[in-house]
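**Student:** Sequence below, structure please.
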Amino acid sequence: MDRRLTLGVFVVVLLSRLCHFGVLWIEEAYPAAAAVNILAGRVPYIDFWFDKPPLFPYLYTLWHSETTLLLRAAGAGYVTLCAWLMARLAGNPLAGLLLAFFLTFDVASAALVLGPDMLTLAPVMGALLLVKDRPYLAGFVLSLGFHVNTKAILFLPLLWSWKAAAAFGVFAAPVFLWTGYLEQVWQWGSLYASQTFIQNPWRDGLLKTLGWLGFHATLVIGAIRGKWNWQIAFWIAAAAACIFAGFRFFPRYYFHLLPPLCLLASQGLLRMNRWKWLPLAVLLLPILRFGPPYLNLAMQKPIADLAMYRDSQMAAGVINAMKQPGNTIFVWGYRPDVDALTQLPGGTPFLESQPLTGVFADRHLFSSQVSADGAERRKQLSASRPTFVVDGLGKYNPDLALAQYEDLQPWLSGYQEIARTRGSIIYRRKTEN
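**Tutor:** Down below sits the predicted model:
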């Protein structure tokens, strides 16, 4: 893509993201909460539990304030970078435009967030562009993807270069020496991946994949006439592995399919000559499906997906009106947006309650199925003294309410309830009164 087209992509994508200027999606709240703690001098894995690779939260230290223009501009810049890399890789600007389009018109909570799956795209494409002439640099670039998302290792065979593989190993391996990293990222991640909450995962995966392909029919139609080879086939297979790993099929997992399909589709559509406008017209489908939420958010209309975030804003408002310098926080449940909205560092070794209850956040609002014993970690919690404690889970699932855990009763007795919202109970340490 030339400079004017690249600038045009950036402006359009930025305008779409500015519709979400006042929203912090839960997928970006988690690294934002970690960034608040890092900026307060705490170290991931050692001072607080964090189950994602380290580059992910450190990236968010660049825009730790939760809804700044910089955060949305960074998202737009990243999508523009992906589009530019895609155009270079495919040898035509159409591939980049298609990628930018589908990184915008998708489920808002996925498309707007610089999460691990989206952040993997640029390192994979960058490594593929570099591997022929600079294989060592290609391995390093792919290792950056590994440090935001461990799934990036699945794309290493795409490089087909021992030099790139060696460089990848050199830059990826040292992180395993980081105290706590192996347990929190790999062991906990493996446990998470092994236990899905979906009862019929193969059927659910098939239906969701067919639905995704339907909304991306332009890519499917164009890809049929693209230039297939073993590398493209493997790329799609690796992307499919990213989608099916863990049997959850969240929309953000499907981002991995976009680059190879955009590459193929751009080739196929250009070969269709004047008939290419028929599949391109199908782009109206995702625009009509995913465009209105942007307008609704821009006009500040109530959105069902943001009900819990609005509750977090109210809970954070209570704390912000009372907090003092040096105060800390702990939030029970998976509500990291409260941490980010208060900008308070954690006062415990945990940012949320999954390691403490053993119930994963993908189900803990409706299920109490325990996947791991959290008793030892609750002992660690009992030794801490955060200023504020927020139970952001108990009102949704009473069985997992903070007050229900007998071994935490002596600890909780040191706190006084100061406020309630529809979905949260807020406590303050009695000695702070």
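**Student:** okay, CA-based contacts and neighbour counts for the rest of this
**Tutor:** Fine.
**Student:** so where do the strands sit in this structure?
**Tutor:** Along the chain, the segments classed as strands by DSSP state E run 329-332, 388-391, 415-420, 425-429.
**Student:** Include distance to Glu183, mean neighbour count and mean pLDDT when you put those into a markdown table, please.
**Tutor:** Formatted as a markdown table, these follow (distance: least, C-alpha to C-alpha, whole Å; neighbours: other C-alpha atoms under 10 Å; pLDDT from 0 to 100):
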| stretch | distance to Glu183 | mean neighbour count | mean pLDDT |
| --- | --- | --- | --- |
| strand 329-332 | 21 | 26 | 98 |
| strand 388-391 | 26 | 26 | 98 |
| strand 415-420 | 31 | 16 | 96 |
| strand 425-429 | 31 | 21 | 97 |
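**Student:** Turn these into TSV, columns for distance to Leu156.
**Tutor:** Shown next, in TSV, are the strands of the chain (distance: least, C-alpha to C-alpha, whole Å):
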stretch	distance to Leu156
strand 329-332	38
strand 388-391	42
strand 415-420	49
strand 425-429	46
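**Student:** Report the contact partners of the spatially closest residue to Asn397 that is not a sequence neighbour.
**Tutor:** Closest residue in space to Asn397, ignoring its immediate chain neighbours: Leu365 at 5.4 Å, by C-alpha to C-alpha, 6 or more residues apart in numbering. By C-alpha atoms under 8 Å, 6 or more residues apart in numbering, the contact list for Leu365 reads Leu393, Tyr396, Asn397.
**Student:** Which one (most neighbours) among the residues you listed?
**Tutor:** Leu393 (24 neighbours; other C-alpha atoms under 10 Å).
**Student:** Please determine how far that residue is located from Pro135.
**Tutor:** Distance from Leu393 to Pro135, counting by C-alpha to C-alpha, to the nearest Å: 48 Å.
**Student:** for Leu159, same thing?
**Tutor:** 8 Å.
**Student:** so how far is stretch 418-433 from its chain's centroid?
**Tutor:** Centroid displacement of stretch 418-433 relative to its chain, using C-alpha atoms, centre = their mean, to the nearest Å, is 29 Å.
**Student:** So what touches that stretch?
**Tutor:** Counting by C-alpha under 8 Å, 6+ apart, 308, 311-312, 314-315, 318, 385-396, 414-417 sit against stretch 418-433.
**Student:** swap in stretch 118-133?
**Tutor:** Contacts of stretch 118-133 (C-alpha under 8 Å, 6+ apart): 81-82, 85-86, 88-89, 137-139, 141-146, 148-149, 152, 155, 158-159, 161, 164, 252, 255-256, 259.
**Student:** Provide a list of residues in contact with the residue lying farthest from the centre of the chain.
**Tutor:** Each residue of the chain has a distance to the centre, and by C-alpha atoms, centre = their mean the biggest one is for Arg274: 38.7 Å. Counting by C-alpha under 8 Å, 6+ apart, Arg274 touches no other residue.
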